[in-house]
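S.K.: Generate coordinates for the sequence data below:
(chains A, B, C and D)
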Protein chains: 2
Amino acid sequence: MKYPLVDFPKPLTTVDVVIFTVQEGQLQVLLVRRPDATTEPFPNAWALPGGFVDIDKDASLEACARRKLLEKTGVKTPYLEQLGSWGNSTRDPRGWAATHAWFALLAPLALSLNSDATSQAAQWHAIDERSPRKKLAFDHREILQAAVKRLTSKVEYTSLPAFLLPEPFTLPQLQKAYEAVLRRPLDKSGFRTRALAANFLDETGFMDVGAPRQAMGYQIRDRNQVVYFPRTFGARSEGT
Amino acid sequence: MKYPLVDFPKPLTTVDVVIFTVQEGQLQVLLVRRPDATTEPFPNAWALPGGFVDIDKDASLEACARRKLLEKTGVKTPYLEQLGSWGNSTRDPRGWAATHAWFALLAPLALSLNSDATSQAAQWHAIDERSPRKKLAFDHREILQAAVKRLTSKVEYTSLPAFLLPEPFTLPQLQKAYEAVLRRPLDKSGFRTRALAANFLDETGFMDVGAPRQAMGYQIRDRNQVVYFPRTFGARSEGT
DNA sequence: GAAATAGTGTCTGTAAGACATTATATT
DNA sequence: AATATAATGTCTTACAGACACTATTTC
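M.R.: Alright, predicted model coming up:
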């Protein structure tokens, strides 16, 4: 090695992923149970999926986040965005720790979640009121709140909720996804004009969704691109 | 200690700060020179101010960022926001490294920058075209680009540029700060209506700025709050 | 009073909000 | 035919863009 070893004490480095979906008209987040061992902090508590960065397995932080995601959900290419980092001397009893938090948007999973043997029990939890009721391990409650805030804020002016639905979906379904995240009803006419004008959907033909009348099915035109609307819903200036 | 020691290899953890100001009608960023020693990576190259997290000195990532900022500029309470993190096995020749990047907005500094003995030479660099010409150490060019993008994007619909000016300032001065960041002229009438309607400024009385006519001076009403405008300038939907 | 800068007024265009209406399917 | 849902139309409102205009100071 060309450079002298850096051998002073280093913080612990972890990655956590806030995984959202919409199911039964509600925004849901995936949580896992901490192992039930007294050698581990927060035994048995609910926590965000995540863990230490493995400098041998993980080429990058994003790769690490995708690995956690794949382990828990089996999904390879969801919407994935960096949320921020939380690091201080007190959040982990094992020492100075910094976590890199990401958030992911997924269509509801058909498969069973706890299928793989290596993973702890994973379960969807509805986001009620302004945050989940439960106490979470570490500072995960704060991270989850930040994720919900970021998501709600971006949903006001982006196409993000489309990533929460299985394709193809109808405009009424998409509107319900927006309403689930925003926790308020939207006007149908305005919503449709706006969604279609934004030009991020492709028609897939009429679908029968068990409704009295058939509706047009749509899919996302480019899953690598989020569309920004010219204005925010409600035009109530809000914080990011 | 209650828990078994975590003693597998850990990534290096650093913090970098992208410090912006507006001077001479241009957006500027503060860069430092890497030490001129072959035992250090990127000797003599320009880099963002930053360095290793010191788990004894720094209570948190933000505290670490503020420490770096204070060391380089002497400024204690600028606008400071988390930008994101960059971590992989290749960005630092010394090993797997993750940096937590922040960006700060400052009024131009009257004081000399390189005053303290412990710090390397620091210097303002204009941001030209879409990024600085110079090669920077590590992946700092990418981080700087992300910071510029984030700043420009937010300036379209927030009061951020007010933090780049010394108080009190006039509306024409504030408009020039917006124009410097956005690199395009704005309409005076629209700008004024919008800035005043956003209600984040307090009048401080008329000022003589060497212009033929006096102008009203303003200061930021609440330096802890950024105001979001109801629409974006230009209404051209842009990425974040 | 000429020049330069500060500040105002007016008209237009775009897109969202509210709400009424039409269209198509099932029972 | 009644009903539930999909889709469209109309009117209003909010606010930015363009551009012309007035006001105040220095020379």
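S.K.: can you list the residues of chain A near DNA strand C?
M.R.: Within chain A, the positions adjacent to DNA strand C are A:186-190, A:193-194, A:197, A:206, A:208, A:212-214, A:229-231, A:233-235 by Cβ under 7 Å from any atom of the strand. The C-beta positions use only the backbone N, C-alpha and C, and glycine is treated the same way.
S.K.: so where is chain A shaky, pLDDT-wise?
M.R.: In the predicted model, chain A carries pLDDT under 70 at residues A:1, A:110-120, A:129-133, A:235-240.
S.K.: So what does A:Phe103 have for phi and psi?
M.R.: Dihedral angles of A:Phe103 (phi, psi; degrees, to the nearest 10) stand at phi -130, psi 140.
S.K.: Show me the beta-bridge partners of it.
M.R.: Assessed by DSSP bridges, A:Phe103 has beta-bridge partners A:Val18, A:Glu81.
S.K.: Identify the residues contacting stretch A:125-142?
M.R.: The contact list for stretch A:125-142 (Cβ atoms under 8 Å, 6 or more residues apart in numbering or on different chains) reads A:16, A:26-31, A:34, A:41-42, A:45-48, A:86, A:91-92, A:99, A:144-145, A:148.
S.K.: Determine how far the last residue of that stretch lies from the first.
M.R.: End-to-end distance for stretch A:125-142, by Cα to Cα, to the nearest Å: 16 Å.
S.K.: picking that back up, could you flag which of the contacts of stretch A:125-142 are buried?
M.R.: The neighbour-count criterion (16 or more other Cβ atoms under 10 Å in any protein chain shown) marks A:16, A:27-31, A:34, A:41-42, A:45-48, A:86, A:91-92, A:99, A:144-145, A:148 among these as buried.
S.K.: Which of these fall in helices?
M.R.: Of the positions in these, A:Leu144, A:Gln145, A:Val148 sit in helices, assigned by DSSP state H.
S.K.: Identify the residue nearest the last one in space, chain neighbours excluded?
M.R.: So that's A:Val148. In space, and not counting its chain neighbours, A:Val148 is closest to A:Ile127: 6.0 Å by Cβ to Cβ, 6 or more residues apart in numbering or on different chains.
S.K.: residues near that neighbour, how many?
M.R.: 22 (other Cβ atoms under 10 Å in any protein chain shown).
S.K.: how near is it to A:Val155?
M.R.: Separation of A:Ile127 from A:Val155 (Cβ to Cβ, to the nearest Å): 13 Å.
S.K.: any idea where the helices of chain A begin and end?
M.R.: Under DSSP H, chain A gives helices at A:61-73, A:140-155, A:171-182, A:188-197.
S.K.: Make JSON lines out of these and add distance to DNA strand D.
M.R.: Converted to JSON lines, those look like this (distance: least, Cβ to the nearest atom of the strand, whole Å):
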{"stretch": "helix A:61-73", "distance to DNA strand D": "28"}
{"stretch": "helix A:140-155", "distance to DNA strand D": "18"}
{"stretch": "helix A:171-182", "distance to DNA strand D": "4"}
{"stretch": "helix A:188-197", "distance to DNA strand D": "3"}
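S.K.: Which among those is found nearest to B:Glu167?
M.R.: Among the helices of chain A, the nearest to B:Glu167 by Cβ to Cβ is helix A:140-155 (28.8 Å).
S.K.: partners of the residue nearest to A:Trp124 when sequence neighbours are not counted in the sheet?
M.R.: Among residues not flanking A:Trp124 along the chain, A:Gln28 sits closest, at 4.3 Å (Cβ to Cβ, 6+ apart). The bridge-partner assignment for A:Gln28, based on DSSP bridges, gives A:Thr21, A:Ala126.
S.K.: Please parse chain A into its domains.
M.R.: Domain segmentation of chain A under automatic domain parsing yields A:12-154, A:158-235.
S.K.: The longest one: end-to-end distance?
M.R.: Meaning domain A:12-154. Domain A:12-154 has an end-to-end distance of 31 Å (Cα to Cα).
S.K.: now it: how far from the chain's centre is it?
M.R.: Computed by Cα atoms, centre = their mean, to the nearest Å, the chain-centroid distance of domain A:12-154 equals 9 Å.
S.K.: OK, contacts around the residue of chain A found nearest DNA strand C?
M.R.: As assessed by Cβ to the nearest atom of the strand, DNA strand C sits closest to A:Ser189 within chain A, at 3.0 Å. With contacts taken as Cβ under 8 Å, 6+ apart, A:Ser189 has no neighbouring residues.
S.K.: Ok, A:Ser85 next?
M.R.: Neighbouring residues of A:Ser85 by Cβ under 8 Å, 6+ apart: A:Ala98, A:Thr99, A:His100, A:Ala101, B:Leu61, B:Gln82, B:Ser85, B:His100.
S.K.: Please flag which of those sit within strands.
M.R.: A:Ala98, A:Thr99, A:His100, A:Ala101, B:Gln82, B:Ser85, B:His100 (DSSP state E).
S.K.: Could you verify my assumption that A:Ala162 touches A:Arg221?
M.R.: No - if you go by Cβ atoms under 8 Å, A:Ala162 and A:Arg221 don't touch, sitting 9.8 Å apart.
S.K.: And those two? Which one has more around it.
M.R.: The residue with more neighbours, out of A:Ala162 and A:Arg221, is A:Ala162; 26 against 13, by other Cβ under 10 Å.
S.K.: Identify the residue spatially nearest to that one, adjacent ones excluded.
M.R.: A:Ile220 (5.2 Å).
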